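Build the 3D model from these lines:
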Amino acid sequence: MTVEQRLRELLRVLVETPTPTGSEMALVPLLTDWLRERGFEVTIQPVRERHPLTPPGEYANLLARRGDSRLLIAAHLDTFPAYSHPQPYTLREDGDRFIGRGVVDVKGQIAALLLAIEQTDAPCQLAFVCDEERGGTGSRSLQCDADAAVVLEPTELRPVIAHAGAVEATVTFFGKAAHGSVPHAGDSALEKAIAFLDALKAHPLIADQRHPLFERAPLVTVGRLEAGTEAMVVPNRAVVNLDIRVLPGYSAAAVADLLRDFAARFKAEARIDDVAEPVTMDADAPIVRTVQKAVADVTGTEPSPIGYFSWTDAVNFLERGIPAVVIGAGSLGVAHSDEEWVREQDLLTLRSVLARFMERWHATPSVG
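Numbering: from 1, shown residues only. This next block holds a predicted model:
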């Protein structure tokens, strides 16, 4: 069987085993057998910590070790929920693209890693963690001896050394219902919500954020807006779920305070669902430089570091003092969508990059 065929079959099994957050254990027996057959010592670590966003379910991390290594390569087992995806757990192909829930975030990365460890016998630790998409409790609870970590996420093979923070909130607005033909007789909660969002986006603490590792982009996402019954009724209630990204150098706590203040001005109720501060690491850290050189070995081009708008498990490792760089195939922009996809060749390139990275890391006495 060719490596392309093996990649396809591995990815098919991974995608066609549904693992939305809370269901990750479905993959643990498969990975355990696969890794033990290849000489890894495998430990299953139950995770009892729960975040308010963590759904019910059985949670555990899988830690696998080959040889004597303090290098950790980590990936999460859970995927974003299927929601309206027409065929979430069927691996489809369109030309050179794989399509399905998790193909880029991050089951395609896992498939590339599983093939990479067959390409080299370099020692390593692998962690397959739970609850990344919701509460982040898996990587926070992981018990391991690591001096450095690589976290697999879609980055288009550019090393991530900075993460934006985030404020997630639910804001409820109140008004007065009235006949739609005489809106002046009522007070539209929906229009209040729209005015609130416009004012929030224009505030300097949101609008003026800049960082050299991050492209200029909107920082406020309205994930859900619920209001009204029909056109002929002025809405008396509106609920907004929003996410605000916070670049390094700025405070997520300050953004949360700003959101509360704005909600009070509009006589709305604000519930802060999550606050995560931005984090950065040294661009010259050995783990970063080794990843860059491994990419250059395979592709011929050394990539420059970037910032990442999304939270990843690397944040938990960095907060524990473990230098952690994020790298992977494909684009974050298509993750969580109904057309989530990744190119076959990009996963094969990642396979070679990871194998070369492990060899480079353990060939350098000062880091291996």
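
residue boundaries of the helices in the protein?
For the chain, the helices defined by DSSP state H occupy 3-15, 28-36, 107-119, 137-141, 189-202, 204-207, 252-265, 286-299, 314-319, 344-363.

Quick one: closest of these to residue 307.
helix 314-319 (12.1 Å; CB to CB). C-beta here means a position set from N, CA and C on the backbone, and glycine is covered the same way.

what about the helices of the chain, which gets the closest to residue 59?
It is, among the helices of the chain and with distance given as CB to CB, helix 137-141, at 6.8 Å.

Bridging across strands, which residues link to the nearest residue to residue 97 once chain neighbours are set aside?
Excluding the flanking residues, the one nearest residue 97 by CB to CB, 6 or more residues apart in numbering is residue 341, at 4.5 Å. In this entry, residue 341 is beta-bridged to residue 99, by DSSP bridges.

hang on, isn't residue 341 packed against residue 101?
No. With contacts counted by CB atoms under 8 Å, residue 341 stays clear of residue 101, the gap being 10.8 Å.

So which of the two has more stuff around it?
Using other CB atoms under 10 Å as the criterion, residue 341 and residue 101 rank with residue 101 on top: 28 against 21.

just for the protein, where's the confidence low?
Residues of the chain that meet the criterion pLDDT under 70 lie in 365-368.

Okay, domains of it per the record?
Annotated domains of the chain cover 3-163+279-363, 169-276 [automatic domain parsing].

Of those domains, which stretch is the most buried?
Mean neighbours per residue, mean count of other CB atoms under 10 Å, is largest over those for domain 3-163+279-363, with a mean of 20.

Quick test: name the residue nearest the centre of the protein.
Per CA atoms, centre = their mean, the C-alpha nearest to the average position across the chain is that of residue 312, at 4.6 Å.

Residue 30 versus that one, what's the distance?
Counting by CB to CB, to the nearest Å, the separation of residue 312 from residue 30 is 24 Å.

And residue 297, by the same measure?
According to CB to CB, residue 297 stands 31 Å off from residue 30.

now residue 242, nearest residue through space, not along the chain?
Using CB to CB, 6+ apart, the nearest residue to residue 242 is residue 222, at 5.2 Å.

Please name whichever of the helices of the chain is nearest to residue 278.
helix 252-265 (6.9 Å).

Show me what that closest one is packed up against.
Packing partners of helix 252-265 (3 or more CB pairs under 8 Å, 6 or more residues apart in numbering; DSSP states H and E): strand 165-174, helix 189-202, helix 204-207, strand 237-246, strand 269-276.

Tabulate the CA atom coordinates of that helix in PDB.
C-alpha atoms of helix 252-265 as PDB (Å, rounded to 0.1, in the frame of the first residue of the first chain):
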ATOM      1  CA  ALA A 252      -8.700  40.500  27.800                       C
ATOM      2  CA  ALA A 253      -9.800  41.400  31.300                       C
ATOM      3  CA  ALA A 254     -10.000  45.000  30.300                       C
ATOM      4  CA  VAL A 255     -12.100  44.100  27.200                       C
ATOM      5  CA  ALA A 256     -14.400  42.100  29.400                       C
ATOM      6  CA  ASP A 257     -14.900  45.100  31.700                       C
ATOM      7  CA  LEU A 258     -15.500  47.300  28.600                       C
ATOM      8  CA  LEU A 259     -18.200  44.900  27.400                       C
ATOM      9  CA  ARG A 260     -19.900  45.000  30.800                       C
ATOM     10  CA  ASP A 261     -19.800  48.800  30.800                       C
ATOM     11  CA  PHE A 262     -21.300  49.000  27.400                       C
ATOM     12  CA  ALA A 263     -24.000  46.500  28.300                       C
ATOM     13  CA  ALA A 264     -25.000  48.600  31.300                       C
ATOM     14  CA  ARG A 265     -25.300  51.700  29.100                       C
END
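
Show which residues not belonging to that helix make contact with it.
Identification of contacts with helix 252-265 by CB atoms under 8 Å, 6 or more residues apart in numbering yields 165-167, 169, 171, 196, 199-200, 203, 205-206, 244, 246, 269-270, 272, 275-278.

now do 7 Å
165-167, 169, 171, 196, 199-200, 203, 205, 244, 246, 269-270, 272, 275-278 (CB atoms under 7 Å, 6 or more residues apart in numbering).

Quick check: phi and psi on the residue nearest to residue 123 when sequence neighbours are not counted?
Among residues not flanking residue 123 along the chain, residue 67 sits closest, at 2.8 Å (CB to CB, 6+ apart). With angles defined as degrees, to the nearest 10, residue 67 sits at phi 70, psi -170.

From residue 120, how far off is residue 67?
Residue 67 is 11 Å from residue 120, by CB to CB.

for residue 113, same thing?
11 Å.

Please look at residue 134 and residue 22 and confirm they touch.
No. Using CB atoms under 7 Å, residue 134 is not in contact with residue 22, being 8.3 Å away.

can you list residues touching both of those two?
Jointly contacting residue 134 and residue 22 under the rule CB under 7 Å, 6+ apart are residue 55.
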